[in-house]
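S.K.: the following block contains a protein sequence and its predicted model.
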Amino acid sequence: MRERFGLRLRFALFFAALGVGGVAILIGALWLGFNRNGGPMDGYVLAGLAAGFGILGLTAWIGYLFDENVARPILGLASDLNTRARADVGAEIDEEQARYLGALAPAARAIHEALSEAREAQERAVARETDRLAREKALFEALLRDLAEGVVVVTPDNRLMLFNRAAEDLLGGLGLDRPLGAYIRLDPLSHAIERLDKNLARGHSEAESFLVPTADGERFLLGRVSPVLSGDDRLGHVLIFHDATEDLQAHADRDHLFNTLMEDVRRPAAAIGAVLDVLQSDADIPPKTRATFDAAMNEELSRLFNCLRDMDARHGKITTRHWPMSKVAADDIFEGLKARIDLPLQTDGGAHFLRCDGFAIMEVMARVVQGLSQEGGRDGFALRAERHGNEVWLSLQWQGAEVRESDLDAWLKQPLSESYGAYSGRDVLEGHRTEIWSETGGYGHRIVLPLEASGAPALASEDVRPEFYDFNLPTNVGEVAERKLADLSFVVFDTETTGLAPSGGDKIVQIAGVRIVNGRILRGEVFDTLVNPGCAIPPASTKVHGISDDMVTEAPDIVSAGQAFHRYCEGGVLVAHNAPFDMAFLRRDESLIGQQFDHPVLCTVLLSAALYEHTGEHTLDALAERFGVTIPPELRHTALGDAMATAEVFLQMIGVMQAAGIDTLGDAISAGQRMTKIRKAQDY
């Protein structure tokens, strides 16, 4: 019975049995009195009815008081203690709710305080080991983060366990526990793994190479795959990627250039050869005829020279693209020069970024500065970086004697560095498809070197860094419904709308979500976008969420926003507070979006009702207070603020659900379905 009936129902049955028993005893007593003493039956019946209703009423009233002052407070204390046992909640237990339970409330408070002290002691014990792991983690991150090649580690079913910044730049939008198939075509990788398996069976453990296009087909990556083995178990694979797009394109362009050159040269060469044969075979050709042949030969020679000039220019572009260039701050070049040269150098404009070989450009500038300073009579050296269209001009200014072109040319013909062999400054300029010149103006004299401009690196130091590795992700994934909640990935989301009636034409104006992977909220992988609903936003709705018509004018429509959100949700279980409301909007627009939101869905309202039967308060604010989650007032009723608060609440709820026997996704869905009827009567 303890498993089938709740505490309040058992108390209600107890008082019902007490009332019925009292009435039964009364009836028996009246019957006995009538048999002994006799008398009018009507008096006994009337007395029995009055006393019976009095007993039942008194029992019901006492039962109600008992439910309000004993049963409910007991359940409240029990849920508070259970919540604190399963979730890290620091808020004090409210003793007022159990003021009639004597020493029970202080005892519960003492248990809470003891539990808090035990947790603090445990945290102190763990802190020392955590510090050591943090140092190792920092070293690991530093080593992995700035590798030039993209590194990805995946589970056996090709879900991401690790990636570095280069991989993120190559593939874009990476996230832990995401399927690798969302970023690259899996067939070439699968074939490489098959070859890897065959080689492992032969005792060879070398990495296998493969060429794979990205999922959108815009890039080709040259990859290597190696297994991650633990004894006989395969924990996953390590993938190393290099962007081969430009290499392949450069190779194709060179082949095309060569074929074009042969085609364009063959005709004028043959024509010139034919003209020469005619001229050599007949020495008595009339002058007029000879002039015609000379004109034809000159025309073909001109065509040949134009072809060669065009091929030279096109070859230069291919060479420039193939030369290893990177984003370099002008400041880095300036600082390197100041460290190399013992001269006072003023600098300006160093915040510009260039696409160049930074070391080679620094060496060229160093040759020029050293040459200018060695002759004497020059001072006031200053380095400048100025933006001119798609270029950044590096200039070296000075006062005193101007520079001779012959001297500048001599400095540039010197070998650049021992590590570059005979590669000279002139070769550097040719490789960058640029030139250097000197000029004079009001500033004195200067030498100018224009280079291709580049934007600043996309991931600045102050940006939120996405979580980029988690080796504790489950490597064996069975049926989703049978998987434990702690092993699943969740997308906790919220929407803001023009109104509360999706069937009445109201539309989404904002979607936001945050991912939970392996028990962690990935704050660096949030999804947040305004949505242009294509209609006016009522002032009453703007008053709630603060989104006006002006704010969504340039926002994407539901098609673009919905497709992006669907990609964000791939492989996750959707979670929302009052999920049926948000899902109704998404599912109504599925035909427009072109995708189905057929993910498993959990609702924190229903789960709260299943866990806390003693209360009807299941609002987001009530749940946040229960679990000690703070929602900044300025973020309340914003999609991202509510999604983040719901994520923190849900993360705490998982431990409470496990204690209540709700261990798997199937259990949670079943619990939510059982509470559907209760939800209609709750305040949310």
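M.R.: Done, it's in. Given the structure is predicted, the values throughout are model-derived calculations rather than measurements.
S.K.: quick one, what contacts residue 580?
M.R.: Neighbour list for residue 580: residue 603 [criterion: C-beta atoms under 8 Å, 6 or more residues apart in numbering]. Bear in mind the C-beta positions are built from the backbone N, C-alpha and C, glycine included.
S.K.: does it belong to a helix or a strand, and which?
M.R.: Secondary structure assignment for residue 580, by DSSP states H and E: helix 579-588.
S.K.: what pLDDT is listed against the nearest residue to residue 422 once chain neighbours are set aside?
M.R.: Closest residue to residue 422 apart from its sequence neighbours, by C-beta to C-beta, 6 or more residues apart in numbering: residue 415 at 5.6 Å. Among the per-residue scores, residue 415 holds a pLDDT of 83.
S.K.: quick check: residue 433 vs residue 75, distance?
M.R.: Remark: distance between residue 433 and residue 75 (C-beta to C-beta, to the nearest Å) = 77 Å.
S.K.: please read the previous query as pertaining to residue 215.
M.R.: Residue 215 is 51 Å from residue 75, by C-beta to C-beta.
S.K.: low-confidence regions, the stretch 301-450 of the chain specifically.
M.R.: Residue ranges of the stretch 301-450 of the chain with pLDDT under 70: 301, 305, 307-326, 417-421.
S.K.: quick one, strands of it?
M.R.: In the stretch 301-450 of the chain, the strands defined using DSSP state E, counting those that start in this stretch lie at 326-329, 346-348, 353-356, 378-388, 391-400, 437-441, 444-454.
S.K.: winner for burial among the ones you listed?
M.R.: Most buried of the strands of the stretch 301-450 of the chain, by mean neighbour count (mean count of other C-beta atoms under 10 Å): strand 353-356, with a mean of 22.
S.K.: list the strands paired with that strand, with their directions.
M.R.: In the sheet, strand 353-356 lines up against strand 326-329 (antiparallel), strand 444-454 (antiparallel) (DSSP bridges).
S.K.: three-state assignment of the residue nearest the centre of the chain?
M.R.: Central residue of the chain (C-alpha atoms, centre = their mean): residue 525, 3.0 Å from the mean position. Secondary structure, DSSP: H, G, I helix; E, B strand; the rest coil: residue 525 is strand.
S.K.: what does the pLDDT read for it?
M.R.: Reported pLDDT at residue 525 in the predicted model: 87.
S.K.: surely it and residue 513 touch.
M.R.: No: in this structure residue 525 lies outside contact range of residue 513 using C-beta atoms under 8 Å: 9.3 Å.
S.K.: the stretch 251-400 of the chain: helices as residue ranges?
M.R.: Secondary structure of the stretch 251-400 of the chain (DSSP state H, counting those that start in this stretch): helices located at 287-322, 330-340, 358-374.
S.K.: any idea what the nearest residue to residue 443 once chain neighbours are set aside is bridged to?
M.R.: Of all residues not flanking residue 443 in the chain, residue 397 sits nearest, at 5.4 Å (C-beta to C-beta, 6+ apart). Beta-bridge partners for residue 397, by DSSP bridges, are residue 382, residue 446.
S.K.: so what's residue 397 up against?
M.R.: For residue 397, counting by C-beta under 8 Å, 6+ apart, the contacting residues are 380-384, 443-446.
S.K.: quick check: phi and psi on residue 173?
M.R.: Main-chain dihedrals, residue 173, degrees, to the nearest 10: phi 70, psi 30.
S.K.: about what we covered before: let's have the strands paired with strand 353-356 in JSON lines, adding distance to residue 540.
M.R.: Shown next, in JSON lines, are the strands paired with strand 353-356 (distance: least, C-beta to C-beta, whole Å):
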{"stretch": "strand 326-329", "distance to residue 540": "49"}
{"stretch": "strand 444-454", "distance to residue 540": "48"}
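S.K.: ok, which of the ones you listed comes nearest residue 489?
M.R.: Of all the strands paired with strand 353-356, strand 326-329 sits nearest to residue 489, with 33.5 Å by C-beta to C-beta.
S.K.: so what's the nearest residue to residue 386 once chain neighbours are set aside up against?
M.R.: With sequence-adjacent residues excluded and distances taken as C-beta to C-beta, 6+ apart, residue 386 is closest to residue 393, at 4.9 Å. Contacts for residue 393 (C-beta under 8 Å, 6+ apart) come out as 384-387, 448-451.
S.K.: residue 391 too?
M.R.: Counting by C-beta under 8 Å, 6+ apart, residue 391 makes contact with 450-453.
S.K.: go again using 6 Å as the cut-off
M.R.: Applying C-beta atoms under 6 Å, 6 or more residues apart in numbering to residue 391 gives the contacts 450, 453.
S.K.: residue 330 versus that one, what's the distance?
M.R.: From residue 391 over to residue 330 (counting by C-beta to C-beta), the distance is 12 Å.
S.K.: which ones are touching residue 568?
M.R.: residue 527.
S.K.: also residue 413?
M.R.: Contacts of residue 413 by C-beta under 6 Å, 6+ apart are 424, 426.
S.K.: for residue 330, which non-adjacent residue is closest in space?
M.R.: That would be residue 385: by C-beta to C-beta, 6+ apart, it lies 3.9 Å from residue 330.
S.K.: doesn't residue 228 belong to a helix?
M.R.: No: assessed with three-state DSSP, residue 228 is strand; it does not lie in a helix.
S.K.: now the closest residue to residue 214 other than its chain neighbours. Its backbone dihedrals?
M.R.: Using C-beta to C-beta, 6+ apart and skipping the chain neighbours, the partner closest in space to residue 214 is residue 184 (5.6 Å). Phi and psi for residue 184, reported as degrees, to the nearest 10, are phi -140, psi 160.
S.K.: hang on, residue 184 packs against residue 211?
M.R.: No: look at residue 184 against residue 211 with C-beta atoms under 6 Å: they stay out of range, at 10.8 Å.
S.K.: more crowded one of those two?
M.R.: residue 184 (24 against 12; other C-beta atoms under 10 Å).
S.K.: can you give me the pLDDT of that one?
M.R.: 90.
S.K.: where do the strands of the stretch 51-200 of the chain begin and end?
M.R.: So, for the stretch 51-200 of the chain - with DSSP E, counting those that start in this stretch - the strands run 150-154, 160-163.
S.K.: can I get these in CSV with distance to residue 28?
M.R.: Shown next, in CSV, are the strands of the stretch 51-200 of the chain (distance: least, C-beta to C-beta, whole Å):
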stretch, distance to residue 28
strand 150-154, 77
strand 160-163, 74
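S.K.: so which of those is nearest residue 338?
M.R.: strand 150-154 (34.1 Å).
S.K.: give me the mean pLDDT for that closest one.
M.R.: Rounded mean pLDDT across strand 150-154 is 89.
S.K.: next: stretch 604-619.
M.R.: pLDDT averaged over stretch 604-619 gives 83.
S.K.: got the CA coordinates for that stretch in CSV?
M.R.: What follows is stretch 604-619, C-alpha atoms only, in CSV (Å, rounded to 0.1, in the frame of the first residue of the first chain):
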residue,chain,number,x,y,z
THR,A,604,9.6,20.7,-16.3
VAL,A,605,6.0,21.6,-15.3
LEU,A,606,4.9,17.9,-15.6
LEU,A,607,8.1,16.6,-14.0
SER,A,608,7.7,19.0,-11.1
ALA,A,609,4.1,17.9,-10.6
ALA,A,610,5.3,14.3,-10.5
LEU,A,611,8.0,15.0,-7.9
TYR,A,612,6.2,17.5,-5.6
GLU,A,613,2.6,16.3,-5.2
HIS,A,614,2.1,18.3,-2.0
THR,A,615,2.1,21.7,-3.8
GLY,A,616,0.4,23.3,-6.8
GLU,A,617,3.2,25.8,-7.4
HIS,A,618,5.1,24.7,-10.5
THR,A,619,5.9,28.1,-12.0
